[in-house]
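Enquirer: here is my input, please return the structure:
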Amino acid sequence: MTIYRLPGLRAMINEISQERNLPKHAVHQALKEALLKGYERYRRSLRPDHGHFEEDHFANFEVELDTEQEGFRILATKAITETVENPDREIALADVIEVVQDARVGDTVLLDVTPDHQEFGRMAAMQTKQVLAQKLRDQQRRLVQEEFKDLEGTVLMGRVLRFERRSVIMAVRSDASQPEVEAELPKREQLPNDNYRANSTFKVYLKRVKEGPQRGPQLEVSRADAGLVVYLFANEVPEIEDEVVRIVAIAREANPPNHKVGPRTKIAVDTLERDVDPVGACIGARGSRIQAVVNELRGEKIDVIRWSPDPATYIANSLSPAPVEEVRLINPEARIAHVLVAPDKVSQAIGKEGQNVRLATRLTGWKIEVRDSSQYNYEEEDRLAMTALEEQVAS
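Expert: Alright, predicted model coming up:
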């Protein structure tokens, strides 16, 4: 077989591998793909009257890299036919039978079609060089996807590298033995109280591993996702790690719509153990456990409440710390509840800018309407609820 010489091939692969932080087999594959594209360009130039080439027209060609002899070969699998209509895919029986006497029409043969230096041409070589950069980026993206895909939904340590527009670009690792990879922390996923400075470190939730050829970091991380709070509690509370206490639901507002309101989270916990207090386990002695979570989230307010299978009890707990007098499940089908509180506790139950009741609604899945107990008209509310129920059934 002939070989197209590429002096310095081995050194080039080593250099690219170090520069791009890619394993040699990935560089090897990228170079093969780039050379094949360059060869396709060369083949097209040989048939200027052919017109459009289908996407898979050159699928039967392959590149064989030889790092020992520092060069490459082009091989083509062609079908044996009586007459050749497509020289890129077919070869005449008469040509094959000179070498392989028992060849038959319909068989396939593997042919060495390596061009010489003069044939390959400067244009094809330039095409190869341009494609190589793209193929190397593709290899980097592919490796990042493979490395981090199973880590979606986990927490990594991120180091601030730089700022691009409103995003923070961080460096993360899948483990200590792997090189750093860039990740994007978009503005919407940042915490208002975080102070992002170069080389400062943060725990970040790996929200998404992007697929496809888009530019920029492929990893999207978050400081605002509820998953980060779940991780922090699991890390601080051994009873959660041991599955004695379970987190049933969580509602987080890390970036409230009104800047006058601070970040806040409500988390519902439960246990099957009679002698375990799940809320107390999360808070810890003198608040030590919950304080560690609050510190990591830069002072975010966190309400730990007891989950209950009884909707009325659960709804009352969810509005904590506001005291609730009564919960009326006014329309169970539509999951609407009226919560009656003392006149001086209405504001506390609703919360600043409605944040407390909004989070309680998201936590429980019930539409919660906070009412002043001193002005609540039971008969009128029951009549309105019955009317709404009848209309609901009629529709």
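
Enquirer: gap between C282 and L363?
Expert: As defined by CB to CB, to the nearest Å, C282 lies at a distance of 15 Å from L363. All C-beta atoms are positioned from the backbone trio N, CA, C, and that covers glycine.

Enquirer: more neighbours, those two?
Expert: More crowded of C282 and L363, by other CB atoms under 10 Å: L363, with 26 against 22.

Enquirer: quick one: low-confidence parts of the protein?
Expert: 121, 123, 213-214 (pLDDT under 70).

Enquirer: leaving out chain neighbours, which residue sits closest to the most centrally placed residue in it?
Expert: In the chain, the centroid-proximal residue (CA atoms, centre = their mean) is R208; its distance is 1.2 Å. Excluding its sequence neighbours, the residue lying closest to R208 (CB to CB, 6 or more residues apart in numbering) is E220, at 4.3 Å.

Enquirer: check contacts around that neighbour.
Expert: A183, E184, L185, P186, E189, L206, K207, R208, V209, K210 (CB atoms under 8 Å, 6 or more residues apart in numbering).

Enquirer: D225: which of those is nearest?
Expert: Closest approach to D225 among these (CB to CB): K207, at 5.7 Å.

Enquirer: doesn't D88 fall inside a strand?
Expert: No - D88: not assigned to a strand; according to DSSP: H, G, I helix; E, B strand; the rest coil it is coil.

Enquirer: surely it touches D56?
Expert: No - counting by CB atoms under 8 Å, D88 stays clear of D56, with 11.1 Å between them.

Enquirer: hang on, the earlier thing: just grab the bridge partners of the residue nearest to R208 for me.
Expert: E220 forms beta bridges with E184, R208, as assigned by DSSP bridges.

Enquirer: and the gap between it and G51?
Expert: Counting by CB to CB, the gap from E220 to G51 is 43 Å.

Enquirer: also T128?
Expert: 24 Å.

Enquirer: residues contacting the residue nearest to the centre of the chain?
Expert: E152, L219, E220.

Enquirer: at 10 Å instead, please
Expert: By CB atoms under 10 Å, 6 or more residues apart in numbering, the residues touching R208 are F148, E152, G153, A183, E184, Q218, L219, E220, V221, S222.

Enquirer: for the residue nearest to the last one when sequence neighbours are not counted, grab the count of nearby residues.
Expert: Think S222. Leaving aside its sequence neighbours, S222 sits nearest to E189 (CB to CB, 6+ apart; 3.8 Å). Counted with other CB under 10 Å, the neighbours of E189 add up to 21.

Enquirer: so E189 touches R223, yeah?
Expert: Yes - counting by CB atoms under 10 Å, E189 touches R223, with 6.1 Å between them.

Enquirer: list residues touching both of these two?
Expert: V168, V204, Y205, A254, N255.

Enquirer: nearest to P311, of those residues?
Expert: Using CB to CB, A254 comes nearest to P311 of the shared contacts of E189 and R223, at 26.8 Å.

Enquirer: and the closest one, how far from R188?
Expert: From A254 over to R188 (counting by CB to CB), the distance is 9 Å.

Enquirer: repeat that for I350.
Expert: Counting by CB to CB, the gap from I350 to R188 is 26 Å.

Enquirer: the more surrounded of those two?
Expert: The neighbour count for I350 versus R188, taken as other CB under 10 Å, is higher for I350 (21 against 11).

Enquirer: contacting residues around the more buried one?
Expert: I350 makes contacts with L319, A322, V339, V341, N356, V357, R358, A360, I368, E369, V370, as judged by CB under 10 Å, 6+ apart.

Enquirer: show me the helices in this structure, by range?
Expert: 9-20, 24-46, 93-97, 117-148, 226-236, 238-241, 278-283, 288-296, 311-318, 346-350, 355-364, 378-394 (DSSP state H).
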